[in-house]
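K.L.:
attaching a predicted model along with its sequence, questions to come.
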Amino acid sequence: MPDSRSVQLPPAGRPHPQPDLGEPPRLTTLAARRLPLADPRQQIERLDALDLAACPRGGDFAAALAAAGWPALEPAVLEIFQINLGKLCNMACRHCHVDAGPDRSDAVMDRATAEACLRALDRSGAHTVDLTGGAPELNPSFRWLVDEAAARGMHVIDRCNLTVLLISGQRDLPAFLAERGVEIVGSLPHVRRRSTDAQRGDGTYEKSLKALRLLNEQGYGQGHPQRVLTLVTNPTGAYLPGNQSSLEREWKEALAREHGLSFDRLIALNNLPIARFLEWLEQSGNLQVYMELLVNAFNPAAISGLMCRNTISVSWDGRVFDCDFNQMLELGVQGAGGGTLHIRDFDPERWAARKILTGRHCFGCTAGAGSSCGGSLVEPG
Amino acid sequence: MGDYYKAEHLPSFGSIAEGEPELARKFFDYYGAVFADGALSAREKALIALAVAHAVQCPYCIDAYTQESLGKGADLEQMTEAIHVAVAIRGGASLVHGLQMLEHARKASM
């Protein structure tokens, strides 16, 4: 039986097809399989084609915002300069909204673009440089960029898949990151093996534990402000994550007891129906139910903290977006010339006055406790 | 009357308030409070509910607390173990009555 809140806001517990929890197939990118769904326009079309008439405001995100007192989603002060260094990754997770993978060497940021990012950073007023991908560490400019950002006094975040720390050529990376005080935001969908491997591939859990041990050995995850180890959990299926602080307590206890490992904080992210997670939702028959779940769980309290308001998101080829999700859907911030703005043309004043683009995928960030690159946006009472 | 057990009864559970709103309000308030994080985590409570759902064989509860357990961060192994706890108690509850049988049989037999 659902609790009283979900009784009033159904359908929390409505039956739906269960995903196959058997052995996952060998995972590959949409791009490698040359699927129509690799095209972001296709992805937007499939979301827009869903019949959400029974949901509040018919599943229209702009209408949901307006009803919550936000006729326009205005930008806030720019705080986070997020650079997506490319789609190349040593992994190919089933839920990846980037469609990253080992075959994506077609989409890797070059040095000239990274330099343009730094020039824009210097004019942006941001205090945090957030490096993401793919596996950002695989970009040849990664360490140079970390050094440059750290030299500017920035708080630097490495969004790390953890397993990359074990591949040859990266063994000295934990020490490199520790010396520069880089915060590591490491992906670990679940504290136990089965769900982690189901989402990220067989053997990922063991590798992730090894990587966490390497980080603990460098002083990460023990409360030191210059060695912050954050873990990221996201659901391994068509549901919202549990309570972030409740899970953090349980995970800290379980990882310490079972593996002698420690970390500083846990952040819980919602999965957005983009790229491979969208593919999985379609294949498992969960797309309709999941979108209904997101729309019905719309939480107005999450709006003010949405990352699109305080973040700039730069793609591997230098184009500029409101967030990493809009980036993957190629919903670009408009430049002066009409096309998508390039980071070399970044202008702080124009940025502050921009229009944030939204669509149905945005319900992913406003559902439940809300979701951003920093985790939940609202602490449930 | 048609069929017993309809899936659409679960999402419309709240309409039980129609005949007696005040008792329904009290019940759902209490219900929500029971499942909040406390000395037991919300995940642990969802697993207990899942096990009890199998013991009382409530299909609505099984659907709801499968979803709820996943959403609260439990995995399939933990959920399956929880059900085995219910199975063990149900089986044990039958078997322990065997002592009554044994006592009676001993008394009645040579």
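P.N.:
Thanks, I have the structure now.

K.L.:
number of nearby residues for A:Ala54?
P.N.:
A:Ala54 has 11 neighbours, counted by other Cβ atoms under 10 Å in any protein chain shown. All C-beta atoms are positioned from the backbone trio N, CA, C, and that covers glycine.

K.L.:
doesn't it lie inside a helix?
P.N.:
No: under DSSP: H, G, I helix; E, B strand; the rest coil, A:Ala54 sits outside any helix and is assigned coil.

K.L.:
for it, what are its contacts?
P.N.:
A:Glu292 (Cβ atoms under 8 Å, 6 or more residues apart in numbering or on different chains).

K.L.:
pLDDT score for it?
P.N.:
At A:Ala54, the model reports a pLDDT of 91.

K.L.:
roughly how far apart are it and B:Pro11?
P.N.:
11 Å (Cβ to Cβ, to the nearest Å).

K.L.:
ok, A:Arg309 next?
P.N.:
As judged by Cβ to Cβ, A:Arg309 and B:Pro11 stand 33 Å apart.

K.L.:
got the contact list for the helix ranked longest in chain B?
P.N.:
In chain B, taking DSSP state H as the definition, the longest helix is helix B:76-96. The contact list for helix B:76-96 (Cβ under 8 Å, 6+ apart) reads A:21, A:192, A:194-195, B:47-48, B:50-52, B:54-55, B:66, B:69-70, B:74.

K.L.:
which residues does stretch A:112-125 contact?
P.N.:
A:77-78, A:81, A:83, A:85, A:129, A:141, A:144-145, A:148-149, A:152, A:154, A:312, A:314, A:316-318, A:342-344, A:346, A:348, A:351.

K.L.:
and it, what's buried?
P.N.:
Buried residues in stretch A:112-125, counted by 16 or more other Cβ atoms under 10 Å in any protein chain shown: A:Thr113, A:Ala114, A:Glu115, A:Ala116, A:Cys117, A:Leu118, A:Ala120, A:Leu121, A:Ser124.

K.L.:
again with stretch A:202-214
P.N.:
Applying 16+ other Cβ under 10 Å to stretch A:202-214 flags A:Thr204, A:Tyr205, A:Lys207, A:Ser208, A:Leu209, A:Ala211, A:Leu212, A:Leu214 as buried.

K.L.:
pLDDT score for the third one?
P.N.:
If you check A:Lys207, the pLDDT there is 97.

K.L.:
got the contact list for A:Ile80?
P.N.:
A:Ile80 makes contact with A:Ala126, A:His127, A:Thr128, A:Val129, A:Asp130, A:Met307, A:Asn310, A:Thr311, A:Ile312, A:Cys373 under the criterion Cβ under 8 Å, 6+ apart.

K.L.:
of those residues, which is the nearest to A:Phe363?
P.N.:
Minimum distance to A:Phe363 across those is 14.7 Å, recorded for A:Met307 (Cβ to Cβ).

K.L.:
would you agree the closest one is in contact with A:Thr366?
P.N.:
No: when contacts are counted by Cβ atoms under 8 Å, A:Met307 is not listed as touching A:Thr366 (11.5 Å).

K.L.:
the two: who's more crowded?
P.N.:
Set A:Met307 next to A:Thr366 and count neighbours by other Cβ under 10 Å: A:Thr366 wins out with 27 against 23.

K.L.:
rewinding a little: between the contacts of helix B:76-96, which sits nearest B:Leu99?
P.N.:
Closest to B:Leu99, out of all of these and judged by Cβ to Cβ, is B:Ala55, at 21.4 Å.

K.L.:
skip the chain neighbours and tell me the closest residue to A:Thr340.
P.N.:
Counting by Cβ to Cβ, 6 or more residues apart in numbering or on different chains, A:Gly332 is the residue found nearest to A:Thr340 once chain neighbours are left out, at 2.9 Å.

K.L.:
ramachandran angles for that neighbour?
P.N.:
Main-chain dihedrals, A:Gly332, degrees, to the nearest 10: phi -80, psi 150.

K.L.:
what is the burial count for it?
P.N.:
Applying other Cβ under 10 Å, I find that A:Gly332 has 19 neighbouring residues.

K.L.:
next one: it, what pLDDT does it get?
P.N.:
pLDDT at A:Gly332 comes out at 97.

K.L.:
A:Ile83 now?
P.N.:
We note a pLDDT of 98 for A:Ile83 in this prediction.

K.L.:
and what of A:Thr366?
P.N.:
pLDDT for A:Thr366: 97.

K.L.:
could I get the contacting residues of it?
P.N.:
Counting by Cβ under 8 Å, 6+ apart, A:Thr366 makes contact with A:Ala64, A:Leu294, A:Phe298, A:Asn299, A:Pro300, A:Ala302, A:Ile303, A:Leu306.

K.L.:
now do 6 Å
P.N.:
A:Phe298, A:Asn299, A:Ala302 (Cβ atoms under 6 Å, 6 or more residues apart in numbering or on different chains).

K.L.:
quick check, the first one in contact with A:Phe61.
P.N.:
I take that to be A:Phe298. No: A:Phe298 is beyond contact range of A:Phe61, at 8.7 Å (criterion: Cβ atoms under 6 Å).

K.L.:
pick out the lowest-pLDDT one from the contacts of A:Ile80.
P.N.:
Among the contacts of A:Ile80, A:Cys373 has the lowest pLDDT, at 82.

K.L.:
surely that one and A:Met307 touch.
P.N.:
Yes: using Cβ under 6 Å, A:Cys373 makes contact with A:Met307 at a distance of 5.3 Å.

K.L.:
what ranges do the strands span in the chain?
P.N.:
You didn't pick a chain, so chain A it is. Remark: strands assigned in chain A by DSSP state E are A:80-84, A:128-132, A:155-160, A:183-187, A:229-233, A:265-268, A:311-314, A:320-321.

K.L.:
in a markdown table: those strands, plus distance to A:Pro40.
P.N.:
Below are the strands of chain A laid out as a markdown table (distance: least, Cβ to Cβ, whole Å):
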| stretch | distance to A:Pro40 |
| --- | --- |
| strand A:80-84 | 14 |
| strand A:128-132 | 18 |
| strand A:155-160 | 21 |
| strand A:183-187 | 23 |
| strand A:229-233 | 23 |
| strand A:265-268 | 26 |
| strand A:311-314 | 14 |
| strand A:320-321 | 11 |
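
K.L.:
quick one: residues contacting A:Asp322.
P.N.:
Contact analysis of A:Asp322 by Cβ under 6 Å, 6+ apart lists A:Cys308, A:Ile356.

K.L.:
can we see that at 10 Å?
P.N.:
The contact partners of A:Asp322, taken as Cβ atoms under 10 Å, 6 or more residues apart in numbering or on different chains, are A:73, A:75, A:306-309, A:311-313, A:331-333, A:354-358, A:362.

K.L.:
weed out the non-buried ones from those.
P.N.:
By neighbour count, with 16+ other Cβ under 10 Å, these hold A:73, A:75, A:306-309, A:311-313, A:331-333, A:354, A:356-358, A:362 as buried.
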